[in-house]
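Enquirer: Quick one, structure for this:
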Amino acid sequence: MKLIFALLATLFTLTAQADEAAIRQALQERYPKIPVKAVLPSPIPGLYEVVVGGQVVYVDEKADYLLPGPLVDTRSKANLTKQRLEDLNKVDFSSLPLDKAIAIKHGKGERKLAVFTDPDCPFCKQLEKELALLDNVTVYVFMYPLAELHPQAPAKSKAIWCSADRSRSWQDYMLEGKAPSAEGSCANPIEDILALGQKLNVNGTPALIFANGKRKEGALPAAQIEDLLKAGS
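Expert: Below you'll find the model as predicted:
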């Protein structure tokens, strides 16, 4: 009996793997410009989860039909797609190159928070005001200028990095509108940060990454950030 169960389990696994491979091939043939990162069974029999870029969509076993989601558990009311995206978007905080960020210490600075932010993004400036209300946290600012939205942001980011006091220069600009006076000609990590953000699927600013790897986007209020910091400590 145990042998039969083992054989059935093996057959089921091989079938699932075959289905996933066929789905991947079909999608790549029909959407050659969209990279498929993963294909996995969903909680619904016959429906598969497909990870494309920073999104999760669903297809049938032949990839003939595609559903964008969200997938909701009607019993628990949980948004399964949102939960899955949060898991996929988790970041190993220890892997972040903190030497390429501007460290801003509030109080003792014992807790850690990383922020991908654009100096000319209005929501980023709003977030900066909220971050200033926090205590006992070190905020690692990764300047992530989105030139297609804010053409002057890359030059401002470089000028801030080249300032004698980067932390002060950043806060002066974001909180008080004082433009950096330094030349932006020194060696800087801006291109490296842009590449890192693309790798992490940071598609907009601001994006906050907490010590437990969870990521949130947008200008969150200080109270919500504080709750997330406590949850991640």
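Enquirer: any weak-confidence spans in the protein?
Expert: 1-18, 232-233 (pLDDT under 70).
Enquirer: Show me where it has its helices.
Expert: 2-30, 80-88, 122-131, 153-161, 166-176, 190-199, 222-232 (DSSP state H).
Enquirer: Quick check: buried residues in the fifth one?
Expert: Burial within helix 166-176, assessed by neighbour count using 16 or more other C-beta atoms under 10 Å, is assigned to 166, 169-174. Glycine gets a C-beta too; all of them are placed from N, C-alpha and C.
Enquirer: can you put the residues you listed in CSV and add distance to residue 112?
Expert: As requested, those are arranged in CSV below (distance: C-beta to C-beta, whole Å):
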residue, distance to residue 112
166, 18
169, 22
170, 17
171, 18
172, 23
173, 23
174, 19
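Enquirer: and which of these is nearest to residue 200?
Expert: The closest of the buried residues of helix 166-176 to residue 200 turns out to be residue 170 (C-beta to C-beta; 20.9 Å).
Enquirer: That closest one and residue 103 touch, don't they?
Expert: No: using C-beta atoms under 8 Å, residue 170 is not in contact with residue 103; the gap is 10.3 Å.
Enquirer: Need the residues touching each of these two.
Expert: residue 141 (C-beta atoms under 8 Å, 6 or more residues apart in numbering).
Enquirer: So residue 49 versus residue 137, what's the distance?
Expert: As for residue 49, its distance to residue 137 is 35 Å (criterion: C-beta to C-beta, to the nearest Å).
Enquirer: typo on my end, it should be residue 222
Expert: If you measure residue 222 against residue 137 using C-beta to C-beta, the figure is 11 Å.
Enquirer: okay, those two: which has more neighbours?
Expert: The neighbour comparison of residue 222 against residue 137 (other C-beta atoms under 10 Å) goes to residue 137, with 21 against 15.
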